[in-house]
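Asks: Model the following, please.
(one chain, ligands or ions: 1)
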Amino acid sequence: MADMKQYVEDVLNLVKQRDPDQPEFQNTVKEVLTTVVPVLEKNPQYKEAKILERMVEAERIITFRVPWQDDKGEVQINRGYRVQMNSAIGPYKGGLRFHPSVNLSILKFLAFEQVYKNALTGLPIGGGKGGSDFDPKGKSDNEVMKFCQSFMTELYRHIGPNVDVPAGDIGVGGREIGYLFGQYKRLRDSYDAGVLTGKGVDYWGSLARTEATGYGLLYFVKNMLDDKGIDMKGKTVVVSGSGNVATYAIEKAQTFGAKVVTCSDSNGYVYDPEGIDLDVVKEIKQVRRGRIKEYVEKRPNAEYHEGCKGVWTVKCDIALPCATQSEIDLESAKALVANGVQAVGEGANMPSTLEAIAYFQENKILFAPAKAANAGGVATSALEMAQNSERLQWTFEEVDGRLQGIMKNIYQSAKKNAEKYADPDDLVAGANITAFVKVADVMMAHGIV
Ligand code: NDP
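Replies: Residues are numbered from 1 along each chain as shown. Predicted coordinates:
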């Protein structure tokens, strides 16, 4: 074991030396590689083939200038990126993020995570991520369109349905995907529907993609609870967020007979002792684009609390963080455990800090890690690619049925590898190991490339 621990240390040092200014990337590499030591021990061929050294080096990184003109006629210059991390299993796949905080370290971190998340889905997709430091907030539709067209004018030569298939992420929703797709189609003079996912249903987007991440989270959590003989019916659930993931997580939790008592936005949270009325939330967030505090106007028995952190002090059986990264820190984890939480399922990306996860695990709380539990979104994007390839559109029920099967499979394979290599309930290690072995074996089969 010491030998392989040392090998992992050496690779982590190599990453630090090569990318000293990329803390986010270093952290995620550390998180994944330290959990796969037992696999390396049983498979020395990975070390001989320098699989880890290859995995931490992106296959290709493109950075480019994105010039555009704002509504005042002023020229603006942003920086565009695409990190093509690993294509062992399929075309690079991962979202585009438009946000001022975007830099290479963050995109490499997200691309690295994406490789393993995508491998878990069992579908033919490699991993990538891209974006720009452009901030769509406060920009007119015309400015967003001009930016997207300029961005795609460079990106189009590096992507394609069999090469690299971007999707949305923070700051990139249906509007942006539409503009990006329109420009790609114009430049290629070809209707390659499968070049982007998250498209509108009228131009070959997939039904159930909108619901997929939230529904998928609940399918995963239900598998985890069923395995322990715990019935979700009648359980009290705390959800954070009121965006895409949170909304459909609440919807499916309610379908399963649970009582969801909270939701939140970046200003505060609402507590509804009678159970969240999702129609009211949808009306506020999807129709009026309002603030969650307006909820109490329609539901007089509900309470609104300023600040988001308090949501984790609400007593519950199941906690589903669906808002943003690092929203559950050690203090919040302690509050949840003290209040008797039985299970935590991560809908957002990396919503629990490493200290919080360790605390949940020490206290034997069932823990569904994001990489596995929120993979339903990207899995359904891969189903969108499949529909585009056959030039057909499946029904909602067909997509949802496949999603249920995929989430069950992800749970079972993570559980099996947790039992084989780690603590039987350690789904963090189980998911990392499942994905790592899959990618590593295919890389071995492809030779030194
Ligand atoms: P949305 O933008 O639709 O919703 C995000 C929600 O989180 C909003 O309610 C937002 O409130 C709230 N929020 C944002 N920042 C904070 C904060 N600092 N504290 C508390 N709440 C906050 O995003 P999604 O629902 O799509 O994504 C949520 C998370 O899930 C992200 O981590 C994303 O990367 C991840 N994810 C999403 C997938 C998808 O398919 N959509 C797939 C896999 C992962 P406000 O309205 O005030 O901004």
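Asks: from here on, contacts and neighbour counts on C-alpha atoms
Replies: OK.
Asks: Can you list the low-confidence ranges for the chain?
Replies: Low-confidence segments of the chain (pLDDT under 70): 1.
Asks: and with 80 instead?
Replies: 1-2 (pLDDT under 80).
Asks: Show me what from it comes close to the ligand.
Replies: 213, 241-246, 265-267, 308, 322-325, 347-349, 374, 377 (C-alpha under 6 Å from any ligand atom).
Asks: Give me the buried subset of those.
Replies: By neighbour count, with 16 or more other C-alpha atoms under 10 Å, the residues of the chain next to the ligand hold 213, 241-246, 265-266, 308, 322-324, 347-349, 374, 377 as buried.
Asks: Next step: the residues you listed restricted to helices.
Replies: Using DSSP state H, the members of these that fall within helices are 213, 244-246, 377.
Asks: All the strands of the protein, in order from the start?
Replies: Along the chain, counting by DSSP state E, strands occupy 60-69, 75-86, 92-98, 127-132, 164-167, 236-240, 259-260, 262-264, 268-271, 303-306, 318-321, 343-345, 366-368.
Asks: With mean neighbour count as new columns, can these be given to me in CSV?
Replies: As requested, those are arranged in CSV below (neighbours: other C-alpha atoms under 10 Å):
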stretch, mean neighbour count
strand 60-69, 16
strand 75-86, 21
strand 92-98, 28
strand 127-132, 30
strand 164-167, 25
strand 236-240, 27
strand 259-260, 27
strand 262-264, 30
strand 268-271, 23
strand 303-306, 16
strand 318-321, 27
strand 343-345, 24
strand 366-368, 23
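Asks: Just to check, residue 352 is in contact with residue 331?
Replies: No - assessed by C-alpha atoms under 8 Å, residue 352 is found out of contact with residue 331, at 11.0 Å.
Asks: who has more neighbours, these two?
Replies: For the pair residue 352 and residue 331, the greater number of neighbours falls to residue 352 (26 against 14), based on other C-alpha atoms under 10 Å.
Asks: Okay, and the beta partners of the more buried one?
Replies: As for beta bridges, residue 352 partners with residue 328 under DSSP bridges.
Asks: neighbours around the residue nearest to residue 7 when sequence neighbours are not counted, how many?
Replies: Nearest residue to residue 7 in three dimensions, chain neighbours excluded: residue 47, at 7.8 Å (C-alpha to C-alpha, 6 or more residues apart in numbering). Residue 47: 15 surrounding residues under other C-alpha under 10 Å.
Asks: Pretty sure residue 47 sits against residue 40.
Replies: Yes - using C-alpha under 8 Å, residue 47 is in contact with residue 40, at 7.2 Å.
Asks: Pipe the ones in helices among the buried ones among the residues of the chain next to the ligand into TSV and attach distance to residue 431 per row.
Replies: What follows is these, written out as TSV (distance: C-alpha to C-alpha, whole Å):
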residue	distance to residue 431
213	17
244	24
245	21
246	22
377	17
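Asks: nearest to residue 127, of the residues you listed?
Replies: residue 377 (14.0 Å; C-alpha to C-alpha).
Asks: list the contacts for the residue lying closest to that closest one once chain neighbours are set aside?
Replies: Among residues not flanking residue 377 along the chain, residue 213 sits closest, at 4.3 Å (C-alpha to C-alpha, 6+ apart). Contacts for residue 213 were tallied using C-alpha atoms under 8 Å, 6 or more residues apart in numbering; they are 245, 248-249, 347, 374-378.
Asks: Export those to TSV and append columns for distance to residue 93.
Replies: What follows is the contacts of residue 213, written out as TSV (distance: C-alpha to C-alpha, whole Å):
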residue	distance to residue 93
245	20
248	23
249	24
347	19
374	15
375	13
376	14
377	12
378	8
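Asks: What is the nearest of those residues to residue 154?
Replies: Checking the contacts of residue 213 against residue 154 with C-alpha to C-alpha, the nearest one is residue 378 at 24.4 Å.
Asks: Which residues are in contact with the closest residue to the closest one other than its chain neighbours?
Replies: The shortest distance from residue 378 to any non-neighbouring residue, by C-alpha to C-alpha, 6+ apart, is to residue 118 (7.0 Å). Residues near residue 118 by C-alpha under 8 Å, 6+ apart: 93, 125-127, 375, 378-379.
Asks: What's the separation between residue 10 and residue 52?
Replies: Shown here: residue 10 relative to residue 52, a distance of 10 Å by C-alpha to C-alpha, to the nearest Å.
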